[in-house]
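Visitor: sequence and predicted structure are below.
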Amino acid sequence: MTDTRDLDRRFVFHPFSMAQGHEQSGALMMAQSAEGCWITDDSGKRHLDSMAGLWCVNVGYGRERIADALADQARKLSYFHGFSSMATEPAAILAERVIAKAPDGFSKVFFGASGSDANDTQAKIVWYYNNARGLPNKKKIIARDRGYHGVTVLSGGLTGLPGLHAGFDLPLPMIRHVSAPHNIWTRNAEEDDAAFSARLAQELEDLILAEGPDTVAAFIAEPVMGAGGVIVPPEGYFAAMQAVLDRYDVLLIADEVICGFGRLGTWFGSERMGMKPDLMSVAKGITSGYAPLSGVLVGDKVWQVISGEGSAKYGAFGHGYTYTAHPVMAAAALANLDIVEEENLVERAGQMGDYLNDALAKAFADLPIVAETRGKGLMAAVEFARPTRDGWQKFDPGLQVAPRIVRAALQDGVISRALPNGDAVSFSPPFTVTAEEIDLVVSTVRKAAGAVCDALR
Ligand code: PLP
């Protein structure tokens, strides 16, 4: 029989993995099949996936309806493109449906195949918009420390995680970062939400003024940061940031790649977190990961300039991917959205999110190395740190506190995720997760964390 583990070890160049370590030791897990929230590996062992893959399998694994939609569309029209005013029906129907769900004021969807390419498209749209308006110097994009916006040459620099810059000569020179609204590492002890938000908005304003407002084009933010630590901003944060952006004619891009399509209990995270974006990026939840598809949602203000001054100045919009508006991917998205709507999964994500966040808060309250449990909707994290007389201190990264907890939980059949830049363990299950499954995730990770805590003494 073919030894697929050996093939993987020898031939697959793995993302976000130790190059040499993987080549020597091989895969931690070889997934073979999945149903609901459960993955079965090549030894027949079942794992409860509390991360919905990479924050994406919102309707759960093994949905026949999406598999059928993929197969039917592949048989009917396996591929056609959208260049030069060509079109396919599934992409047209999907675009209308996405715009109908979006907050007021959005006009168009530009499709791609990944969250990273969506954010690259965002940068190009923002630059094109300002070039078309006769503002060629207005090009800088401000992102946040710990933000995650992808890995391509542009989006990798927007991502505010040093591990994604090291060795790659990123970020590109037009990118700047401001602080993340992190309760433990950024908030001062005496600051309430209003004071914390006001200070972060002031930092943004100071940066825009220092750079020159005529050089700053856009600010990009996830409604709730995902991979950077599941960081929920304080009350009033986006209103305060937005007031600054409006003052200096700076566009707001909401990166909804995780939050979009229901994860926070609303169709878009912007609604729940009080953002009023000019542009939005979506991916993951649009197909629940069954097919690679992303979208840039373009607001009226930007669209009017693209279609008006932009067309007059530059002719055809010179951007697009072979897989832009792919009909098979669009068909998967339509079947996925049918499921989300018919099973009321957005509402369910909100309810199960409350259950998950309560369960984590209760289970981890007594563990001395827990600095915070936090989350919103079905995004949650537990942050581990060393308690000291002067407050929390990060563990030495060499101790691998969060990775050890995640590995121990995996041994016990639960998949969670250790996030970079500190020791947070995250959870982002399918919207179909049950209370019993959440209880199992929480108790398994709590046991793993207790054992690691004991070993640290
Ligand atoms: N934006 C956010 C908020 C993400 O979480 C991710 C991926 O996790 C991306 C962008 C990049 O998406 P992709 O991995 O599909 O390129």
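Guide: Sure thing, it's come through.
Visitor: minimum distance to the ligand, which residue of the stretch 201-350 of the chain gives it?
Guide: As assessed by C-beta to the nearest ligand atom, the ligand sits closest to residue 257 within the stretch 201-350 of the chain, at 3.5 Å. Where you see a C-beta, it was placed from the backbone N, CA and C, and this is true even at glycine.
Visitor: residues near the spatially closest residue to that residue that is not a sequence neighbour, how many?
Guide: Nearest residue to residue 257, sequence neighbours excluded (C-beta to C-beta, 6 or more residues apart in numbering): residue 115, at 3.8 Å. Neighbourhood size, residue 115 [other C-beta atoms under 10 Å]: 29.
Visitor: now residue 115: phi and psi?
Guide: When quoted as degrees, to the nearest 10, the phi and psi of residue 115 stand at phi -60, psi -40.
Visitor: quick one on the thing from earlier: contacts only, for the residue of the stretch 201-350 of the chain closest to the ligand.
Guide: 115, 118, 149-150, 222, 226, 281-284, 294 (C-beta atoms under 8 Å, 6 or more residues apart in numbering).
Visitor: which ones among those residues also lie next to the ligand?
Guide: 115, 149-150, 222, 226, 283 (C-beta under 6 Å from any ligand atom).
Visitor: which one of those is nearest to residue 55?
Guide: Using C-beta to C-beta, residue 226 comes nearest to residue 55 of those, at 5.8 Å.
Visitor: SS state for residue 373?
Guide: strand (DSSP: H, G, I helix; E, B strand; the rest coil).
Visitor: ok, now residue 176?
Guide: Once three-state DSSP is applied, residue 176 turns out strand.
Visitor: what pairs with it across the strands?
Guide: residue 142 (DSSP bridges).
Visitor: surely it meets residue 139?
Guide: No. Under the criterion of C-beta atoms under 8 Å, residue 176 makes no contact with residue 139, lying 11.3 Å away.
Visitor: for the protein, which residues are neighbours of the ligand?
Guide: 54, 114-116, 119, 148-150, 222, 226-227, 255, 257-258, 283.
Visitor: strands - which of those residues land there?
Guide: residue 255 (DSSP state E).
Visitor: between the contacts of residue 257, which has the most around it?
Guide: For the contacts of residue 257, neighbours tallied by other C-beta under 10 Å; top is residue 149, 34 neighbours.
Visitor: residue nearest the centroid of this structure?
Guide: The residue lying closest to the centre of the chain (C-alpha atoms, centre = their mean) is residue 258, at 3.6 Å.
Visitor: so that residue sits against residue 55, correct?
Guide: Yes. The pair residue 258 / residue 55 is scored as a contact, 4.6 Å apart, by C-beta under 8 Å.
Visitor: distance of the one residue in the chain that gets nearest to the ligand from residue 64?
Guide: Closest approach between the chain and the ligand, counting by C-beta to the nearest ligand atom: residue 115, at 2.3 Å. Computed with C-beta to C-beta, to the nearest Å, the distance linking residue 115 and residue 64 is 26 Å.
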